[in-house]
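K.L.:
the amino acid sequence is not available; the structure is as follows:
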């Protein structure tokens with residue numbers, strides 16, 4: 001079938017195979033930067049210390065390793081360790097095997113190190129450099145890491161004899177940050193964290209692979225490329241898998257051009273519920289999005305009227321306790337007297353969503369008990385930060401929205417973009433709102449038009465700082481520290497107006513625990529995570545028939 005699929009798109013070979021093929025190597029600017037760090041570390045710039053490269057699964061660390069091996073000078077000898085789950089003795093034995101050192105089958109760590117040391121001295125005398133590259137280094141045991149550190153003690157009076165390159169997932173950074181490994185960490189001479197591709201790089205990556213495979217045109221249109229980035233998170237391996245599925249689907253459906261819907265369908269086949277655009281945390285941007293969505297619940301604690309009076313009120317003011325308080329203001333029809341949701345939606349043309357789109361913003365304003373503020377909300381979502389509402393653009397699935405528990409605005413693709421305010425969500429239908437009116441729509445029909453994008457809004461003082469970081473001071477810092485003292489785990493330092501190193505370190509740990517960017521800065525996502533436990537209303541309705549009867 002693959003030969004037919006290739007012929008259909010005029011390709012000479014599969015452009016998105018996950019098996020390594022040097023001809024397909026695409027080095028984005030960040031990959032080039034990472035490779036430059038590796039080459040610097042392996043060369044004289046490394047000085048015999050450690051070189052550290054980290055990145056999420058599938059971001060291209062192994063590809064960079066291959067490029068590194070291809071570009072090492074002729075006088076460089078490399079020992080490549082692909083399986084580091086070894087004892088300290090086994091690790092040294094594996095290094096000796098890679099360097100073809102005769103060990104006579106010895107299993108004595110001392111004898112192995114002695115033979116390695118003699119080899120290194122001989123190599124140094126010949127003007128050769130010896131490099132050990134350890135892939136998946138996050139799996140190294142503590143004893144093995146300590147032995148690796150001791151190997152870097154092998155030296156002459158003027159030169160280190162061994163260069164170590166550690167490649168690993170982000171957990172490697174956490175491992176090396178432990179206090180009992182500080183001696184090793186201090187010897188890291190070059191380090192780089194490889195991020196996934198951005199949207200522009202993802203499109204260039206796809207075009208590059210299509211061209212290398214012999215394609216005269218790119219079958220992925222611009223909407224498909226944007227969707228491919230969203231569903232892959234910019235991770236090259238996932239781009240390959242989803243793009244390959246989309247090509248096969250296009251061939252099966254006899255469609256020479258691939259659009260957004262086909263990429264989304266391919267992503268669902270690949271990921272299911274773990275799609276980064278539909279609820280996964282496979283890469284750090286997706287992780288951050290997950291955390292942000294969960295955290296948004298806390299933003300509801302900010303009362304709009306009091307927020308204008310002070311920054312502290314913007315974060316700390318209480319809201320009504322009843323989850324159904326906001327819903328009580330709506331004149332909702334009794335669903336028992338209405339046509340069943342699925343049947344009613346089936347009669348739509350299409351789904352009668354245009355009417356609801358016109359009243360989406362007023363509906364959201366009413367949910368937040370801020371009638372007349374819909375234009376402020378729109379401006380905030382358009383990027384105007386000097387408003388009394390904050391807005392986040394997110395991606396997810398129905399499960400993600402249920403977990404969020406807040407009303408959201410579904411974004412439907414089109415020109416212009418259409419928004420629907422979602423006030424309730426059951427297992428098989430959604431409660432779409434138009435001003436003070438609501439109507440149930442079957443999820444299976446919304447699925448045909450909604451690809452996972454949605455907005456979340458919440459009241460927040462316009463003068464609240466976009467971020468707080470070390471050396472900042474003032475009332476906002478004290479507020480954040482008080483929130484931190486009530487968090488789990490709790491900040492047990494001094495609660496004052498100074499953002500000091502102690503608090504910055506606590507924030508990093510807090511961010512690490514909750515999957516946020518570990519930068520020690522309290523930005524929107526971190527702030528929301530801190531206030532999340534205080535959310536009360538408005539809430540997303542899950543059983544609106546019962547809710548209506550009670551309202």
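P.N.:
Right, received. Where do you want to start? Please read all numbers here as calculations on a predicted model, not as lab measurements.

K.L.:
partner strands of the host helix or strand of residue 432, with direction?
P.N.:
If you go by DSSP states H and E, residue 432 is part of strand 429-434. Take DSSP bridges as the rule and strand 429-434 pairs in its sheet with strand 418-425 (antiparallel), strand 437-442 (antiparallel).

K.L.:
can you list the low-confidence ranges for the stretch 451-551 of the chain?
P.N.:
Scanning the stretch 451-551 of the chain for pLDDT under 70 picks out 514-516, 532-535, 545-551.

K.L.:
how about a cut-off of 80?
P.N.:
Applying pLDDT under 80 to the stretch 451-551 of the chain flags residues 451-452, 458-463, 513-517, 524-537, 544-551.

K.L.:
just the helices from it, written as ranges.
P.N.:
Secondary structure of the stretch 451-551 of the chain by DSSP state H, counting those that start in this stretch: the helices cover 475-485, 501-514, 524-531, 544-550.

K.L.:
reformat the ones you listed as JSON lines; add distance to residue 252 and mean neighbour count.
P.N.:
Just so you know, the C-beta spots here come from the backbone N, C-alpha and C atoms, and that holds for glycine as well. Formatted as JSON lines, the helices of the stretch 451-551 of the chain follow (distance: least, CB to CB, whole Å; neighbours: other CB atoms under 10 Å):
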{"stretch": "helix 475-485", "distance to residue 252": "53", "mean neighbour count": "20"}
{"stretch": "helix 501-514", "distance to residue 252": "41", "mean neighbour count": "18"}
{"stretch": "helix 524-531", "distance to residue 252": "40", "mean neighbour count": "24"}
{"stretch": "helix 544-550", "distance to residue 252": "40", "mean neighbour count": "16"}
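
K.L.:
tell me which of those helices sits nearest to residue 377.
P.N.:
For the helices of the stretch 451-551 of the chain, the distance to residue 377 is smallest for helix 524-531, at 16.2 Å, taking CB to CB.

K.L.:
hang on, the earlier thing: I'd like the helices of the stretch 451-551 of the chain as a markdown table, with distance to residue 137 appended.
P.N.:
What follows is the helices of the stretch 451-551 of the chain, written out as a markdown table (distance: least, CB to CB, whole Å):
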| stretch | distance to residue 137 |
| --- | --- |
| helix 475-485 | 33 |
| helix 501-514 | 19 |
| helix 524-531 | 29 |
| helix 544-550 | 52 |
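
K.L.:
single out the most deeply packed of the strands paired with strand 429-434.
P.N.:
Among the strands paired with strand 429-434, ranked by average contacts under mean count of other CB atoms under 10 Å, first place goes to strand 418-425 (a mean of 24).

K.L.:
where in the stretch 1-150 of the chain is pLDDT low?
P.N.:
In the stretch 1-150 of the chain (pLDDT under 80), the answer is 1-5, 19-22, 40-49.

K.L.:
quote the end-to-end distance of stretch 182-199.
P.N.:
The straight-line separation of the ends of stretch 182-199 (CA to CA, to the nearest Å) is 37 Å.

K.L.:
show me this protein divided up by domain.
P.N.:
Domains of the chain are assigned by automatic domain parsing as 2-21+197-278, 29-194, 290-462+539-550, 467-522.

K.L.:
report how many residues lie close to residue 220.
P.N.:
By other CB atoms under 10 Å, the residues close to residue 220 number 25.

K.L.:
isn't it right next to residue 229, touching?
P.N.:
No - counting by CB atoms under 8 Å, residue 220 sits too far from residue 229 to count as a contact (10.8 Å).

K.L.:
report the distance from stretch 403-423 to the chain centre.
P.N.:
21 Å (CA atoms, centre = their mean, to the nearest Å).

K.L.:
show me where pLDDT drops low in the stretch 301-450 of the chain?
P.N.:
Applying pLDDT under 80 to the stretch 301-450 of the chain flags the ranges 301-358, 383-388, 390, 392-397, 399-400, 403-405, 412-417, 435-436, 445, 447-450.

K.L.:
what about the helices in it?
P.N.:
With DSSP H, counting those that start in this stretch as the criterion, the stretch 301-450 of the chain has helices at 304-307, 311-316, 341-346, 353-358, 360-367, 374-381, 398-404, 443-446.

K.L.:
residue 408 - nearest residue in space that isn't next to it in sequence?
P.N.:
residue 454 (4.5 Å; CB to CB, 6 or more residues apart in numbering).

K.L.:
thinking again about what came up before, in a markdown table: the domains of the chain, plus distance to residue 531.
P.N.:
Output for these, formatted as a markdown table (distance: least, CB to CB, whole Å):
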| stretch | distance to residue 531 |
| --- | --- |
| domain 2-21+197-278 | 25 |
| domain 29-194 | 26 |
| domain 290-462+539-550 | 3 |
| domain 467-522 | 6 |
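
K.L.:
any idea which of those domains gets closest to residue 528?
P.N.:
Of all those, domain 290-462+539-550 comes closest under CB to CB, at 3.3 Å.
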